[in-house]
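Enquirer: Okay, sequence plus prediction incoming.
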Amino acid sequence: MIRRSSAALFGIVFVLALSVSGDAAKKAPGPSYLLDDVHLHLTNYIQEGTDIHELVRIMGSKIGRAAVFGIPLQQQWSYRVSGDFAPTYYLDTDAPLYYYSFVDAAIAMAYRSLPPAERARLDPMICGFNPADMYAADHIKRVLTTFPGVFSGIGEFTIHKEFVSSKIAGEVPSLEDPALDRVLDFAAQAGLVVLLHNDVDRPFPKEGEEPTYFAQVKDLFRRHPKTTIIWAHVGLGRVILPIDDYASHLAAMLADPQYKNLHFDISWIETAKYIVASEQSVKVSADLINRYPDRFLFGSDEVAPTEQGKLLHVYDVYAPLWKALSPETRAKVLHGNYERLFDEARRRVRAWEKAHVASAPARGRKR
């Protein structure tokens with residue numbers, strides 16, 4: 001039985017465009033850079049953000065490659081709710097969020113404006129779909145056929161997230177929804193990497209309760225063994241604490257061949273606070289990652305960065321973890337795992353596009 005207690009916070013923690021193949025891909029940065037970033041939002045909750053040319057300049061000589069995407073949700077500015085105050089973040093107002101599909105076209109056009117050598121440093125992701133919509137997989141397919149040579153994956157998209165899911169207008173997404181299964185099935189078919197946000201639990205659970213979403217998310221992963229999945233933030237959040245003995249539960253998944261397709265990103269300052277909370281939390285986390293060095297990736301989860309220091313802040317906070325990892329493991333978490341997963345995604349998605357773009361039929365209009 002899985003239980004939690006308030007001690008988990010400090011004690012038992014996670015404790016846890018065109019193709020860039022060929023010449024452009026050969027120029028992709030290697031380990032001479034400090035890190036690769038698997039989790040970087042180019043835009044914020046009102047679809048404003050960093051010019052992509054400026055982003056490459058900010059990455060500079062420290063960040064080699066980055067998976068870039070917008071935010072699939074737009075914060076509504078409701079005059080009835082906030083008057084002249086224009087919210088820029090989902091916690092700024094009680095007004096709802098809604099899915100903003102144009103974000104994928106905006107990311108694609110920005111990416112295509114870069115020269116080939118700079119494109120090779122970025123892996124754009126599709127995120128502007130509603131995972132509760134059975135047509136979500138069709139949206140993803142349509143984006144690929146409209147912008148071939150651009151995208152490497154889908155995400156970050158959310159099923160259950162503290163304080164966000166309840167604000168989304170319309171039907172609430174579910175881990176058991178066939179619409180989500182269609183999305184992950186298509187990702188496997190096309191070779192897309194999936195970056196999924198789903199909290200392991202609900203906010204402020206009662207002590208002794210089973211974690212709300214852990215069993216469901218594990219069922220989801222098992223249903224899609226051919227889909228390359230990265231579980232964002234190891235399922236943690238601002239107030240989503242690690243469940244008791246979380247590292248052991250994660251280790252059991254990592255040792256189980258049913259989850260061989262599953263990886264974890266340790267992005268976000270809210271994730272880092274659990275891992276570096278104490279010497280013991282660092283030790284337990286490092287022991288787990290050292291045992292399974294091929295399954296963890298670093299990300300910043302920075303939103304619309306304006307300077308390099310912001311992109312490196314989470315990396316700096318993780319200094320005790322980097323020290324506790326073996327050099328080989330650290331290199332994989334910071335570089336190798338990203339490059340292995342996304343190089344393969346580029347190859348497979350470009351092959352899918354080559355086979356489908358020219359022959360993609362137009363959907364007929366019913367009369």
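Expert: Noted; the coordinates are in hand.

Enquirer: In this structure, which helix is the longest?
Expert: When the chain is parsed with DSSP state H, its longest helix is helix 337-356.

Enquirer: contacting residues around that helix?
Expert: The contact list for helix 337-356 (CB atoms under 8 Å, 6 or more residues apart in numbering) reads 19-21, 25, 28, 30, 36, 38, 65, 67, 123, 144-145, 148-149, 151-153, 189-193, 228, 230, 263, 294-298. All C-beta spots, glycine's among them, are computed from the backbone N, C-alpha and C.

Enquirer: Narrow those residues to those in strands?
Expert: 36, 38, 65, 67, 123, 153, 193, 230, 263, 296-297 (DSSP state E).

Enquirer: Show me the strands in the chain, by range?
Expert: 35-41, 63-69, 73-75, 97-99, 122-126, 153-158, 193-197, 229-231, 262-265, 296-297, 302-303.

Enquirer: Now render the ones you listed as a markdown table, adding distance to residue 133.
Expert: Converted to a markdown table, the strands of the chain look like this (distance: least, CB to CB, whole Å):
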| stretch | distance to residue 133 |
| --- | --- |
| strand 35-41 | 22 |
| strand 63-69 | 19 |
| strand 73-75 | 14 |
| strand 97-99 | 8 |
| strand 122-126 | 14 |
| strand 153-158 | 12 |
| strand 193-197 | 16 |
| strand 229-231 | 20 |
| strand 262-265 | 25 |
| strand 296-297 | 28 |
| strand 302-303 | 25 |
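
Enquirer: Reformat these as JSON lines; add mean pLDDT, distance to residue 252 and mean neighbour count.
Expert: JSON lines is the format used below for the strands of the chain (pLDDT from 0 to 100; distance: least, CB to CB, whole Å; neighbours: other CB atoms under 10 Å):
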{"stretch": "strand 35-41", "mean pLDDT": "98", "distance to residue 252": "24", "mean neighbour count": "27"}
{"stretch": "strand 63-69", "mean pLDDT": "98", "distance to residue 252": "27", "mean neighbour count": "25"}
{"stretch": "strand 73-75", "mean pLDDT": "95", "distance to residue 252": "33", "mean neighbour count": "24"}
{"stretch": "strand 97-99", "mean pLDDT": "95", "distance to residue 252": "35", "mean neighbour count": "19"}
{"stretch": "strand 122-126", "mean pLDDT": "98", "distance to residue 252": "29", "mean neighbour count": "28"}
{"stretch": "strand 153-158", "mean pLDDT": "98", "distance to residue 252": "25", "mean neighbour count": "26"}
{"stretch": "strand 193-197", "mean pLDDT": "98", "distance to residue 252": "20", "mean neighbour count": "25"}
{"stretch": "strand 229-231", "mean pLDDT": "98", "distance to residue 252": "15", "mean neighbour count": "24"}
{"stretch": "strand 262-265", "mean pLDDT": "98", "distance to residue 252": "12", "mean neighbour count": "25"}
{"stretch": "strand 296-297", "mean pLDDT": "98", "distance to residue 252": "16", "mean neighbour count": "28"}
{"stretch": "strand 302-303", "mean pLDDT": "97", "distance to residue 252": "32", "mean neighbour count": "20"}
